[in-house]
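> Please work out how this folds:
(4 chains)
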2 protein chains.
Amino acid sequence: MTETLSPTTEQVDTREALLDAAESLFSELGIQASSLRAITQRAGANLAAVHYHFGSKEGLVRAVFSRRLKPLNEQRLRLLEACDLTADDAVEQVLNAFLSPLLRMSRETPEGVRDFARLMGRAYMEPSEEVREMLLEEIGEVVRRFTEALGRILSPLPGQELLWRLHFVAGAMGHTVACSHALEKHSHGLCQPSNPDEALRFMIPFLAAGLRAGTTP
Amino acid sequence: MTETLSPTTEQVDTREALLDAAESLFSELGIQASSLRAITQRAGANLAAVHYHFGSKEGLVRAVFSRRLKPLNEQRLRLLEACDLTADDAVEQVLNAFLSPLLRMSRETPEGVRDFARLMGRAYMEPSEEVREMLLEEIGEVVRRFTEALGRILSPLPGQELLWRLHFVAGAMGHTVACSHALEKHSHGLCQPSNPDEALRFMIPFLAAGLRAGTTP
DNA sequence: GTCTATATAGCGATAGAC
DNA sequence: GTCTATCGCTATATAGAC
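This is a model prediction of the structure:
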């Protein structure tokens, strides 16, 4: 009976192996430079398996992102709801709610998720229109909710300046997760961006100070 | 006589046309996705011309970057030397010296240079090891000089925290020039990142406040 | 569902005529 | 210096056997 009610172990394994292999390769080489041949080889699967499971390379790309983004966004919204927006450190709380789920992905599972953090940082800059639109679709609601919360805390900051500042927050965050290797190397090990606690410890005060700066005349 | 002493007009034109075409295509599609066929077609040149003038695609990439980075870095260092590091707004002055030359490139020439700003923003995130190493080579001296100046102004900020904060500055700046289109669209025209004055007006106070935040315990 | 084999197209690079 | 023609390779995608 079971073989008709649920996919066999092999089915699940191949699909997941393809997602894992694609995620790590996308993170290392970028999406475009990762060929289906390299992905299926790393996954120990056949070249045609990608088209069977995901239809096309683009289908695989979407699946790689949505697999991680769904739980990530849920966690962000859960943390946001737990924030006290009237507290003195409300800005810090909200920044932490947005940043820590992504940065802490590296801790929760031995491997794979850290690749995803780097991939996410790069994805915002992807030249491919499709990738960027798909991404905005996936995180649009979260961005809207966080923008609203920060707008209320920072009131009466004008909307224009709020959007500019959130743009800088996104840039600093994306750069940190995408180029952590560069900072570690450039600082000769003094900075350890792969440690989420250290990254949050420095990032949140910096960004909070920027967000709270006086309104530009 | 002249034809033996200097390159003919055609020679120069082909070389420059290739650089212009490559710059705009790299900016639109990314480096890897820009084929030599597409570049030479846009330049109105022959496919083989790239290999004649630059030896390879990598040679073309290097030439595209160094053509703009040499004058850009000279201007940055010139502005840095004109900063008063003891003034109250020393941080703002140094940030302006680093940021404005890149952001203002769009003003100085009608087209082409703005593509380069976007290309620069993306380049830091390029998956290709070669591109990133070449870039560090080209801007290493400038980064060293600006790090030293900001370290002196922000003294006694610990070196570790200084490097982290400069990392955030780089992220915000890169994201702004690379994803200006996204902010313009997302803000429904309220923010105009293609206007260098507006970008600097909001970016410098934000980053200066972050850099001057109290030392993290 | 997984495999082999292949279709179709594009890539960077080079040789050699002009 | 510029051109055409082509080599050798890789890409995504698919058809059909098992």
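> Let's see whichever helix or strand A:Ala21 is part of as CSV, backbone CA atoms only.
A:Ala21 is part of helix A:9-29 when elements are defined by DSSP states H and E. Once non-C-alpha atoms are left out, helix A:9-29 reads as follows in CSV (Å, rounded to 0.1, in the frame of the first residue of the first chain):
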residue,chain,number,x,y,z
THR,A,9,12.5,7.0,-0.4
GLU,A,10,14.5,7.2,-3.7
GLN,A,11,12.1,9.7,-5.1
VAL,A,12,12.4,12.1,-2.2
ASP,A,13,16.1,11.6,-2.0
THR,A,14,16.7,12.4,-5.6
ARG,A,15,14.6,15.6,-5.4
GLU,A,16,16.2,16.8,-2.2
ALA,A,17,19.7,15.9,-3.4
LEU,A,18,19.1,18.0,-6.5
LEU,A,19,17.9,20.9,-4.4
ASP,A,20,21.0,20.6,-2.1
ALA,A,21,23.4,20.3,-5.0
ALA,A,22,21.9,23.2,-6.9
GLU,A,23,21.9,25.4,-3.7
SER,A,24,25.5,24.8,-3.0
LEU,A,25,26.6,25.3,-6.6
PHE,A,26,24.5,28.4,-7.1
SER,A,27,26.1,29.8,-4.0
GLU,A,28,29.6,29.0,-5.2
LEU,A,29,29.4,29.9,-8.9
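> Spatially, which residue comes closest to the residue of chain A found nearest DNA strand C, not counting chain neighbours?
Closest to DNA strand C within chain A is A:Asn46: 2.9 Å, counting by C-beta to the nearest atom of the strand. Just so you know, the C-beta spots here come from the backbone N, C-alpha and C atoms, and that holds for glycine as well. Taking C-beta to C-beta, 6 or more residues apart in numbering or on different chains, and ignoring the residues beside it in sequence, A:Asn46 has A:Thr40 as its nearest neighbour in space, at 6.2 Å.
> can you tell me how far the closest residue to A:Leu150 other than its chain neighbours sits from chain B?
With sequence-adjacent residues excluded and distances taken as C-beta to C-beta, 6+ apart, A:Leu150 is closest to A:Val94, at 5.8 Å. Distance from A:Val94 to chain B, counting by C-beta to the nearest C-beta, to the nearest Å: 16 Å.
> who touches the host helix or strand of A:Val94?
Per DSSP H and E: A:Val94 is located in helix A:90-103. Residues lying outside helix A:90-103 but in contact with it, judged by C-beta atoms under 8 Å, 6 or more residues apart in numbering or on different chains, are A:72, A:75-76, A:79-80, A:82-85, A:87, A:117, A:120, A:142, A:146, A:149-150, A:153-154, A:169, A:173, A:177, A:196, A:199-200, A:203-205, A:207-208, A:211-212.
> what does chain A have sitting close to DNA strand D?
Chain A has residues A:34-38, A:47-48, A:50-51, A:55-58 near DNA strand D, with proximity defined as C-beta under 7 Å from any atom of the strand.
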